[in-house]
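>>> mind folding the following:
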Amino acid sequence: MKLILNLLMILTALNITFSKAESALIIVTDIGKQGSLFEVLAEEALKSKGVPITQIKYQPLKRAFHTLKTGYADLMIGVYYAPEREHSFLYSTPYTETEISYIGMANQDICYSSPEDLQSYNIGVVKGGSLSFSEVTGVQSDNFKGVIRTEQNLKKLIAGRIDLFIENKYEVSALINNQHPELKDKLVFLDPPIWTVEIYAISAKSNPDHEAIINTFNSGIQTIKQNGLHGEIVNRFESDYLETVTRRCP
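As a prediction, the model looks like this:
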């Protein structure tokens, strides 16, 4: 014990510290992103830098932000950019992107060319994010029915309680492929998508190692882009997505 204390005193005197970015991290993400492209890319990026992951916590979106902000996780992955979050969180560089689409039942003849075409439908969304669905889509806010996770919208769609729901393509593809393969040919992504968003990782600025964590993550993403692994993973998930049905709207 005395030897260990002496060693710590020497390291302190030499101003040698161990960054959290070089030790195991706790990751948190929205519960719907389990097994998604966003998770796999993040895991491989950190692995390329030799950073182990102690735990990945899957939580409803609002709780996930709270978990990160209060120090119960080091990094949150699969995040959309919102300027109002920058005072509390440090963003990585974008590490991939995804399309946000309306998803419906393949046996229903729903299509759209303008927001007015959707005003009579009930549309599921996930609460807790920064996106204003009414502003982005042009559809009246009364049409949106909020839940806390994507799978709830999927179940409501199957039960006929909503007509469509809004989600990113990789998250829905992961949910179908990993948990509900029987639904692969029963859902339809309406094309064109509503919009395309970039995906980030974030760390809370209250975490003293937030800069080191994000710098390590960015470096890992750059590494897997350079060695080709990033592209291989994206292509694999894109192939899974393309196996689902897409309905081209005029």
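>>> roughly how far does the residue nearest to residue 57 when sequence neighbours are not counted sit from residue 127?
Spatially, and ignoring its direct neighbours in sequence, residue 57 is nearest to residue 28 (4.4 Å; C-beta to C-beta, 6 or more residues apart in numbering). Bear in mind the C-beta positions are built from the backbone N, C-alpha and C, glycine included. According to C-beta to C-beta, to the nearest Å, residue 28 stands 17 Å off from residue 127.
>>> those two: who's more crowded?
residue 28 (23 against 13; other C-beta atoms under 10 Å).
>>> packing partners of the host helix or strand of the more buried one?
Secondary structure assigned from DSSP states H and E places residue 28 in strand 25-30. Under the contact definition 3 or more C-beta pairs under 8 Å, 6 or more residues apart in numbering; DSSP states H and E, strand 25-30 sits against helix 37-48, strand 53-59, helix 61-69, strand 75-79.
>>> which residues touch the first one?
Right, helix 37-48. Applying C-beta atoms under 8 Å, 6 or more residues apart in numbering, the external contacts of helix 37-48 come out as 25, 27, 29, 33, 52-53, 56, 75, 77-78, 95-96, 98, 170-171, 174, 199, 201, 216-217, 220-221, 223-224, 227, 229-230, 233-234, 237.
>>> for the helix or strand hosting residue 200, give me every contacting residue.
Using DSSP H and E, residue 200 maps to strand 195-204. By C-beta under 8 Å, 6+ apart, the residues outside strand 195-204 that reach it are 38, 42, 68-69, 71, 74-81, 85, 88-100, 136, 168, 209-210, 213-214, 217.
>>> then stretch 144-154?
Contacts for stretch 144-154 (C-beta under 8 Å, 6+ apart): 30-32, 60-62, 122-128, 133-134, 156, 161-162, 165, 167, 171-172, 175, 179-180, 183.
>>> same thing with stretch 50-61?
Stretch 50-61 is contacted by residues 21-31, 33-34, 39, 43, 46, 64, 67, 72-73, 126-129, 148-149, 216, 220 when judged by C-beta under 8 Å, 6+ apart.
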